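Participant: below are the sequence and a predicted model; questions follow.
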Number of protein chains: 2
Amino acid sequence: VTGGAPPAEGGFVLGVDVGGTKLFGVVLDQEGSVVAEARAGTPQVGSHRASNLASREPPGRAIVEAVGGLVLQLITHIEHPDARAPLGVGVPGMLDRDGVLRFSPHLPDAVGADLKSLLGEQLRGCAPVVENDANCAALAEHTFGAARGVQEALVVTLGTGIGGGLIEEGRVTLGAHGFAGEIGHMLIDTSGPPCPCGRNGCWETYASGGGLGRLAREAAYAGRLNEVVVLAGGDPEDVRGEHVTRAAQDGDVGAMGVMRKLGWWLALGLVNVTAVLDPELIVLGGGLAEAGECLLEPTRGCFGDLVEGGSSRPQVKIVPAALGERAGAIGAALMARTNPMGVK
Amino acid sequence: VTGGAPPAEGGFVLGVDVGGTKLFGVVLDQEGSVVAEARAGTPQVGSHRASNLASREPPGRAIVEAVGGLVLQLITHIEHPDARAPLGVGVPGMLDRDGVLRFSPHLPDAVGADLKSLLGEQLRGCAPVVENDANCAALAEHTFGAARGVQEALVVTLGTGIGGGLIEEGRVTLGAHGFAGEIGHMLIDTSGPPCPCGRNGCWETYASGGGLGRLAREAAYAGRLNEVVVLAGGDPEDVRGEHVTRAAQDGDVGAMGVMRKLGWWLALGLVNVTAVLDPELIVLGGGLAEAGECLLEPTRGCFGDLVEGGSSRPQVKIVPAALGERAGAIGAALMARTNPMGVK
């Protein structure tokens, strides 16, 4: 069905983005247009099965089976489904250059898995490209999206956690071991909130969807989000990031205050990555970026206040992603097509 | 004397490293050996002259004259001093790709100066290469020192502040505007100690020579450095980083405690840069790195404890620089010789 051989001229490519809660897959045609898409839930081995049963399951097995199922759905959309279509898979976490998931706070059941080999077996001998999900998103945004034509860019995925993909000299940078761009796990305060990575005070505990939830509940308990609490059903504990985002977009003053606070935290980490990399453009993607200007505007303002050199340096543009939730899957497909072109 | 033309085959190159307190210059022969060196104090315009006089002085003028003087000393060592010897100058701070110093916490009098043009005028028409000092040090350590042959490395200069030079794919990376590697100004705690850059809680306020001085005085006032205080003359306020470093090397328990604390802060920032870049090697240079194992050993230990993925990832080697205080000047000379080879 899928194969490791170079794609035939004009062939389709498949891309699957493995998220902490859902899988999303696309079929790209030769122009890079999405001709089909499919989705499924991410199997939650650790949390839904008895741990003694889970421990018997080899790491990554459930994910690999789920990706295999999604691929079968996707290829029904290809005209000649027996043709070899290259497959790229984007995965959150620290994936090494051999396709082994070395560490993954948001996909703990797959840690240690040789995902490249397991997917190859599952899909009868194909040799998929397996890559960090944010690196995939960066390739997609650089090829078709908001970072098109930019030589030095940072693509940030704001979801449950924070991922990063680095564009340098017009190519995605992977680092020495494949782990570049793990920006969500810069330490902001080691006595801060616990992070799924096992440490405390990572940037993503402040500036991701999870961080927004925490800021929102703090504000709700402090009585600053009364209308949002009503929207959420009356209990401050039930206030979610989505409630705040929606209320802020509708002009709720308390919710806008929370979004400004989130923008400050977001800017703090962006300033630190900027100190290291000096990008000309920062692209904000992922579910949280869909909040739009109620998040982007305070983020830009705080970035300008916090960045070293302030107005003495050329402005770093901060823009929303163009490809939305599809970026990771499109980029995964592009990884399979262009690898190693466009990627260091 | 010096010139912008390509160096004659087998020619000498000059390099000058402009520090916050001193200038250091070298002459390199065709093999890259240092055949002569010279030093001078950095003119302290702002602090030693009346401010109304200082404000009449164009920015960078005093520095440029001092560099010119050092170059005259250096060329007396060249056999044919009328030959055109290319000149490279390393400067701390945010130097843009046109040679204008856009921002510099440790060289405030030169901010805004077009150093490339001013040096060219001062040296009768030469076209020197002007580059960030830590980028120069990185090029030197990569060419002749501790990062030789390494494709992905981070070179850190630990002095009054902290500078960084990034080696990616075996070349020094400058970023979109020339400001990559400003790692000392990652924000660790925005309510932390004031930084010369005008903000608060930059990494360099904790982990540089200045940071060591602060930690040392805190420990001295807390009564944990009694023997060091005696060494310093009896007043805790007079305790300097050098006193603590020397005492730690001699096995003083209190001083070793301060060095461990400094190692923790140093590791924290290195972990954050590693999250962004994923280097395989970190080289620690600058005056503070001359403390040696009493700093390196706790830094390596804390790095292992703090880095994302811990033992699940390949170890990042942390080693001392090989070229000592000469790295910046040697690298500046190499910038003039090899530009743009070896540099992105």
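Facilitator: Perfect, thanks for sending it. Numbering: from 1, shown residues only, chains lettered A, B, ... in the order given.
Participant: can you pull the pLDDT of A:P108?
Facilitator: The score at A:P108 is 92. That number is its pLDDT.
Participant: look up how far chain B lies from it.
Facilitator: 12 Å (Cβ to the nearest Cβ, to the nearest Å). Bear in mind the C-beta positions are built from the backbone N, C-alpha and C, glycine included.
Participant: how many other residues sit next to that residue?
Facilitator: Residues contacting A:P108 under the criterion other Cβ atoms under 10 Å in any protein chain shown number 18.
Participant: got the contact list for A:P43?
Facilitator: A:62-63, A:65-66, A:109 (Cβ atoms under 8 Å, 6 or more residues apart in numbering or on different chains).
Participant: in stretch A:258-267, what's buried?
Facilitator: A:258-267 (16 or more other Cβ atoms under 10 Å in any protein chain shown).
Participant: could I get these as a markdown table with distance to A:E141?
Facilitator: Converted to a markdown table, the buried residues of stretch A:258-267 look like this (distance: Cβ to Cβ, whole Å):
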| residue | distance to A:E141 |
| --- | --- |
| A:V258 | 27 |
| A:M259 | 23 |
| A:R260 | 26 |
| A:K261 | 27 |
| A:L262 | 22 |
| A:G263 | 21 |
| A:W264 | 24 |
| A:W265 | 22 |
| A:L266 | 17 |
| A:A267 | 20 |
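Participant: let me know the closest of the residues you listed to A:E297.
Facilitator: A:E297 lies nearest to A:G263 out of the buried residues of stretch A:258-267, by Cβ to Cβ, at 7.5 Å.
Participant: ok, the closest residue in space to that closest one that isn't next to it in sequence - contacts?
Facilitator: Excluding its sequence neighbours, the residue lying closest to A:G263 (Cβ to Cβ, 6 or more residues apart in numbering or on different chains) is A:P298, at 3.1 Å. By Cβ under 8 Å, 6+ apart, the contact list for A:P298 reads A:259-260, A:262-264, A:267.
Participant: again, 7 Å this time
Facilitator: Counting by Cβ atoms under 7 Å, 6 or more residues apart in numbering or on different chains, A:P298 touches A:259-260, A:263-264.
Participant: A:T160 too?
Facilitator: A:20, A:106, A:208-210.
Participant: and for A:W203?
Facilitator: A:162, A:183-184, A:186, A:188, A:269.
Participant: ok, and which of these reach chain B?
Facilitator: When contact is defined as Cβ under 7 Å from any Cβ of the partner chain, these meet chain B at A:183, A:186.
Participant: restricted to helices, list the contacts of A:W203.
Facilitator: Of the contacts of A:W203, the ones assigned to helices by DSSP state H are A:G269.
Participant: in strands, which of the contacts of A:W203 appear?
Facilitator: Among the contacts of A:W203, the ones falling in strands (DSSP state E) are A:I162.
Participant: what's the neighbour count on A:G324?
Facilitator: 14.
Participant: picking that back up, most widely separated two among the contacts of A:P298?
Facilitator: Across the contacts of A:P298 (Cβ to Cβ), the longest gap, 9.9 Å, separates A:M259 and A:W264.
Participant: how about the contacts made by the residue in the stretch 1-150 of chain A that chain B sits nearest to?
Facilitator: Relative to chain B, the nearest point of the stretch 1-150 of chain A is A:F103 (3.7 Å; Cβ to the nearest Cβ). Listed by Cβ under 7 Å, 6+ apart, the contact set of A:F103 reads A:93-94, A:111, B:308-309, B:312-313.
Participant: interface residues of chain A facing chain B?
Facilitator: Counting by Cβ under 7 Å from any Cβ, the residues of chain A near chain B are A:94, A:102-103, A:152, A:168-169, A:173, A:175-177, A:179-183, A:185-187, A:197, A:268, A:271-273, A:275-280, A:306, A:308-309, A:312-314, A:344.
Participant: in PyMOL, how would I select the buried members of those?
Facilitator: Buried residues among the residues of chain A next to chain B (16+ other Cβ under 10 Å), as a PyMOL selection:
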select buried, chain A and resi 94+102+103+152+168+173+175+176+177+179+180+181+182+183+185+186+187+197+268+271+272+273+275+276+277+278+279+280+306+308+309+312+313+344
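Participant: restricted to helices, list the residues of chain A next to chain B.
Facilitator: Among those, the members found in helices (DSSP H) are A:268, A:271-273, A:275-277, A:306.
Participant: Serialize those residues to a markdown table and add fields for distance to A:H243 and pLDDT.
Facilitator: Output for those, formatted as a markdown table (distance: Cβ to Cβ, whole Å; pLDDT from 0 to 100):
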| residue | distance to A:H243 | pLDDT |
| --- | --- | --- |
| A:L268 | 24 | 98 |
| A:V271 | 28 | 98 |
| A:N272 | 29 | 98 |
| A:V273 | 29 | 98 |
| A:A275 | 34 | 98 |
| A:V276 | 35 | 98 |
| A:L277 | 34 | 98 |
| A:L306 | 28 | 97 |
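Participant: could you list the low-confidence segments of chain A?
Facilitator: The model of chain A has pLDDT under 70 over residues A:1-10, A:45-56, A:81-83, A:338-344.
Participant: and the strands in it?
Facilitator: Counting by DSSP E, one finds strands in chain A at the ranges A:13-18, A:22-28, A:34-41, A:87-91, A:94-95, A:101-103, A:129-132, A:153-158, A:162-168, A:171-173, A:281-285, A:317-320.
Participant: reformat the ones you listed as TSV; add distance to A:S117.
Facilitator: Below are the strands of chain A laid out as TSV (distance: least, Cβ to Cβ, whole Å):
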stretch	distance to A:S117
strand A:13-18	16
strand A:22-28	19
strand A:34-41	22
strand A:87-91	12
strand A:94-95	13
strand A:101-103	12
strand A:129-132	10
strand A:153-158	26
strand A:162-168	24
strand A:171-173	23
strand A:281-285	30
strand A:317-320	37
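Participant: so who does the closest residue to chain B within the stretch 101-250 of chain A touch?
Facilitator: At 2.7 Å from chain B, A:G175 is the closest residue in the stretch 101-250 of chain A, using Cβ to the nearest Cβ. Each residue near A:G175 by Cβ under 7 Å, 6+ apart is listed here: B:152, B:277-278.
Participant: I'd like the residues you listed as JSON lines, with distance to A:R214 appended.
Facilitator: Formatted as JSON lines, the contacts of A:G175 follow (distance: Cβ to Cβ, whole Å):
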{"residue": "B:E152", "distance to A:R214": "35"}
{"residue": "B:L277", "distance to A:R214": "28"}
{"residue": "B:D278", "distance to A:R214": "28"}
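Participant: from those, pick the one nearest chain A.
Facilitator: Using Cβ to the nearest Cβ, B:D278 is the member of the contacts of A:G175 that lies nearest chain A, at 2.7 Å.
Participant: got a list of what the closest one touches?
Facilitator: Residues counted as contacts of B:D278 (Cβ under 7 Å, 6+ apart) are A:175-177, A:179-180, B:152.
Participant: let's see that with 6 Å instead.
Facilitator: B:D278 makes contacts with A:175-177, A:179-180, as judged by Cβ atoms under 6 Å, 6 or more residues apart in numbering or on different chains.
Participant: could you count how many residues lie near the closest residue to A:V64 other than its chain neighbours?
Facilitator: Leaving aside its chain neighbours, A:V64 sits nearest to A:L118 (4.5 Å; criterion: Cβ to Cβ, 6+ apart). Neighbourhood size, A:L118 [other Cβ under 10 Å]: 24.
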